[in-house]
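**Q** just coords:
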């Protein structure tokens, strides 16, 4: 009887060593709290729920404590585990191009085609990327790490994941979470900057309605867009090629099933897997470091810089534009790649000062230009850093 009791006692003791209670650390609980906060923002305030719910739940999954020495192959960083297999789409960089395929298939570039000078606004907003790159260098990050951190300023999660997987895989979790966090916080971060940098008279500038764009222009745009951007920046081909391919599927009119698949089921599946595995990569032992804190601070700063430079560029551009062709500076914030949230913020802030001034279609021009711009900036960084 005594041997049986000892046997049961030893088994229970062994079982206890495998439980999360025995292996939990303060870091695990901190990250679980962060994951719950992300889910709260998504459910209560509807901040990018398609992103924050998978990432937030992924944080819960990734921070369930377990015995790392037991060989259970559970964690995202353990070879041959299920999570590690799914995570290879992040580390190998093939989730982001598939996301861009879906983005291209659901994006209407008409606003940009009808007013090509809005491309300059989207380009100006990318200064946040290079500004954060220089700041990261000053803070002691090496050039490849600084390039990966800087891309957060583009407010483009897939691009941030793609670039960090190539330049700084060890920082990818922090960079990806920062990029998606700031994408979700567009409604919080951008309006104060927009109000600070514009006057009342500038906020009520009315822009001419965009001209009608022909089907021929829509079909030719992805073809010429691909050739022009990728001849200049071949290293951006995985992202730029897919976004223009997706757009051609949409605009050709003869591949509707492919376009619907790319913009619907495909991008939904990839978004779920990407969000879940990125969230799971925030294991406390890997994520809670001083570098991660710096990355979040630099990410916020780069996002603010990108918003500010887009607005300031429009203000300067207006100095040389005829009076009847001036741009409303409130569309300058839309140069970041958070589609369509940044354009919607331009619209909402504009309506506060003139309820009859609709800026959404105008803001979509620099907004979709920001998608191209951030992918191009990633290609530039990839080209001269590798």
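**A** Yep, that arrived. None of these values were measured; they are calculated from a predicted model.
**Q** so residue 18 touches residue 74, yeah?
**A** No: look at residue 18 against residue 74 with Cβ atoms under 8 Å: they stay out of range, at 10.5 Å. Using the backbone N, CA and C atoms, a C-beta is placed for each residue, glycine as well.
**Q** find residues that contact each of the two.
**A** Taking Cβ atoms under 8 Å, 6 or more residues apart in numbering as the contact rule, residue 18 and residue 74 both touch residue 66.
**Q** just want to know which of these two has more residues nearby.
**A** residue 74 (16 against 12; other Cβ atoms under 10 Å).
**Q** what sits up against the strand or helix carrying residue 228?
**A** Taking DSSP states H and E as the criterion, residue 228 maps to helix 215-232. Residues external to helix 215-232 that are found in contact with it (Cβ under 8 Å, 6+ apart): 104, 109-110, 113, 236-237, 240-241, 244-245, 247-248, 251-253, 372, 375-376.
**Q** centre of the chain versus it, how much separation?
**A** When C-alpha coordinates are averaged (Cα atoms, centre = their mean, to the nearest Å), helix 215-232 and its chain have centres 23 Å apart.
**Q** mind listing what's buried in it?
**A** Across helix 215-232, burial judged by 16 or more other Cβ atoms under 10 Å covers 218, 221-222, 225-226, 229-230.
**Q** and what of stretch 27-34?
**A** Taking 16+ other Cβ under 10 Å as the basis for neighbour counts, the residues of stretch 27-34 that come out buried are 27-28, 31-32, 34.
**Q** after the helix holding residue 228 comes which helix or strand?
**A** Elements were assigned by DSSP H and E; along the chain past helix 215-232, the next helix or strand is helix 237-252.
**Q** that following helix packs against which elements?
**A** Contact analysis of helix 237-252 by 3 or more Cβ pairs under 8 Å, 6 or more residues apart in numbering; DSSP states H and E lists helix 95-106, helix 157-167, helix 215-232, helix 256-261, helix 360-385 as its packing neighbours.
**Q** just the ones you listed: most buried one?
**A** Mean neighbours per residue, mean count of other Cβ atoms under 10 Å, is largest over the helices and strands packed on helix 237-252 for helix 157-167, with a mean of 28.
**Q** what angle sits between that helix and helix 360-385?
**A** What separates the directions of helix 157-167 and helix 360-385 is an angle of 0 degrees, with axes from the mean of the first three to the mean of the last three Cα atoms, to 10 degrees.
**Q** list the contacts of the next helix or strand after helix 157-167.
**A** Later in the chain than helix 157-167, the nearest helix or strand by DSSP H and E is helix 172-184. Under the contact criterion Cβ under 8 Å, 6+ apart, helix 172-184 has outside partners 38, 41-42, 47-48, 51-52, 55, 90-91, 148-149, 151-152, 155-157, 160-161, 164-165, 168, 189, 275, 278-279, 281-282, 286-287, 289, 291-292, 295-296, 299-300, 303, 338, 341.
**Q** filter the residues you listed to the buried ones?
**A** By the neighbour-count criterion of 16+ other Cβ under 10 Å, the contacts of helix 172-184 include these buried positions: 38, 41-42, 47-48, 51-52, 55, 90-91, 148-149, 151-152, 155-157, 160-161, 164-165, 168, 189, 275, 278-279, 281-282, 286-287, 291-292, 295-296, 299-300, 303, 338, 341.
**Q** out of these, which sit inside helices?
**A** The helices in this structure, assigned by DSSP state H, contain 38, 41-42, 51-52, 55, 90-91, 148-149, 157, 160-161, 164-165, 189, 275, 278-279, 286-287, 291-292, 295-296, 299-300, 303, 341 from the buried ones among the contacts of helix 172-184.
**Q** just how off-centre is stretch 361-371 within its chain?
**A** Relative to its chain's centre, stretch 361-371 lies at 16 Å (Cα atoms, centre = their mean).
**Q** also stretch 326-339?
**A** A distance of 17 Å separates the C-alpha centroid of stretch 326-339 from that of its chain, computed with Cα atoms, centre = their mean.
**Q** over to stretch 253-268?
**A** Going by Cα atoms, centre = their mean, the spacing between the C-alpha centre of stretch 253-268 and its chain's C-alpha centre is 21 Å.
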